[in-house]
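Asks: Provided below are the primary sequence and the corresponding predicted coordinates.
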Amino acid sequence: MAAPSMKERQACWGARDEYWKCSDENTEDASQCKKLRSSFESSCPQQWIIDQLRWFYLNIRLKRAEY
Amino acid sequence: MLLLAQAPKAWHRLFQLKPPALPRTPGEAQHVRYRLLSRQGPAETGRQDQPQGPGLRTRLLITALIGAGLGGVWLAMRAEKEQRQQQRRTEALRQAAVGRGDFSLLDHRGQARCKADFRGQWVLMYFGFTHCPDICPEELEKLVQVVRQLEAEPGLPPVQPIFITVDPERDDVAAMARYVQDFHPRLLGLTGSAEQVAQVSRSYRVYYSAGPKDEDQDYIVDHSIAIYLLSPDGLFTDYYGRARSAEQVADSVRRHMAAFHSVLH
């Protein structure tokens, strides 16, 4: 399976960001974001989604970390 | 009777045990006073007809000159020692520049490349893999931004951006070619066999570890994240983590360029 191209990567990130923004806004009611979630899942390789939590927290931590 | 006569002498002998400053006879008093005076300084020249020894000022001057002489010798010896240390360091760097960190990889056009190919150029190097979710593209984007910023400045040598894969299983020459085209025309992708990648990662102390494969045979490679700066001598000069912005990295590279002295001639 070939790696995603730049365009595919950007589509995935866009879908991811939309989904995260939605779930941040609707922390109580996750069902609101179902559509965005399925869009996210279809735009990104599964491995990136499985890795999502780790990926997400890694991003937050790394952006805060001092090197 | 004799004892009584001797007693005062005995007492005097006892006094002799004390510092000889105590006069025993008037004549001696004169002598001792002279000695005291010469020890204390030229405060009272008084009834001296004998010539004084070197005065305090002269003695201080002589001591200062001797001190300065010794200090000068010490400084010269220290400078020589530092110079020898510097020469040893330069020699060690020269050997490291030639011997260490060498690699033998294929670029994204299929050409064989080794470290010597980049001698004479500043190199910004990043280790990653093409299936990377977002960190590698972000870091590479930052890296090429630095290269572009420095390219725009006249008088600065061009920096060679290099991307080395830590996933040789999937990232063959074709995959690398597809990947690097999205970033910068001069970005060079390097790949190779598992052994060659292991060797270059060891040289640059890069950690990497492929994760478990999912049902699509896809996997993430965990790896240390840093952009490495190599000098035109091929020596590791600096590294930049995720937290450094493109501007900060560009500033640092500029400073290294200004301070650079080649050890290879």
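Replies: Okay, I see it.
Asks: where does the chain have low pLDDT?
Replies: Going with chain A. A:1, A:27, A:30, A:50-67 (pLDDT under 70).
Asks: chain B was what I was after
Replies: Across chain B (using pLDDT under 70), the flagged ranges come out as B:1-53, B:96-99, B:265.
Asks: show me which residues of it sit near chain A.
Replies: B:130-131, B:133-135, B:137, B:170-171, B:175, B:178-179, B:182, B:214-220, B:225-226, B:240-244 (CB under 8 Å from any CB of the partner chain). To be clear about C-beta, it is placed using only N, CA and C from the backbone, and glycine gets the same treatment.
Asks: may I see the ChimeraX selection of the buried members of those residues?
Replies: In ChimeraX syntax, the buried subset of the residues of chain B next to chain A is picked out as below (16 or more other CB atoms under 10 Å in any protein chain shown):
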select /B:130,131,133,135,137,170,171,175,178,179,182,218,219,220,225,226,240,242,244
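Asks: okay, and which of the residues of chain B next to chain A map to helices?
Replies: B:135, B:137, B:175, B:178-179 (DSSP state H).
Asks: in the stretch 151-265 of chain B, which residue sits nearest chain A?
Replies: B:Gly241 (2.6 Å; CB to the nearest CB).
Asks: verify the contact between that residue and B:Ala226 for me.
Replies: Yes: assessed by CB atoms under 8 Å, B:Gly241 is found in contact with B:Ala226 at 5.7 Å.
Asks: give me the number of residues near the residue nearest to A:Gln32 when sequence neighbours are not counted?
Replies: What sits nearest to A:Gln32 in space, not counting adjacent residues and going by CB to CB, 6 or more residues apart in numbering or on different chains, is A:Asn26, at 4.4 Å. Burial of A:Asn26 is recorded as 12 neighbouring residues (other CB atoms under 10 Å in any protein chain shown).
Asks: do the same with B:Gly55
Replies: 12.
Asks: now it: how far from chain A?
Replies: Using CB to the nearest CB, to the nearest Å, we find B:Gly55 at a distance of 65 Å from chain A.
Asks: then B:Arg109?
Replies: 18 Å.
Asks: number of nearby residues for that residue?
Replies: Neighbour tally, B:Arg109, other CB under 10 Å: 11.
Asks: same check on B:Gly101?
Replies: 17.
Asks: that one - that's part of a strand, no?
Replies: No: with DSSP: H, G, I helix; E, B strand; the rest coil as the criterion, B:Gly101 is assigned coil and is not in a strand.
Asks: contacting residues around it?
Replies: B:115, B:203-204, B:230, B:234-236 (CB atoms under 8 Å, 6 or more residues apart in numbering or on different chains).
Asks: just the residues you listed: which are in helices?
Replies: Per DSSP H, the subset of the contacts of B:Gly101 in helices is B:Ser203.
Asks: I'd like the contacts of B:Gly101 as a markdown table, with neighbour count appended.
Replies: As requested, the contacts of B:Gly101 are exported to a markdown table (neighbours: other CB atoms under 10 Å in any protein chain shown):
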| residue | neighbour count |
| --- | --- |
| B:Lys115 | 20 |
| B:Ser203 | 14 |
| B:Tyr204 | 17 |
| B:Leu230 | 24 |
| B:Gly234 | 23 |
| B:Leu235 | 18 |
| B:Phe236 | 18 |
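Asks: I am finished for the moment; much appreciated.
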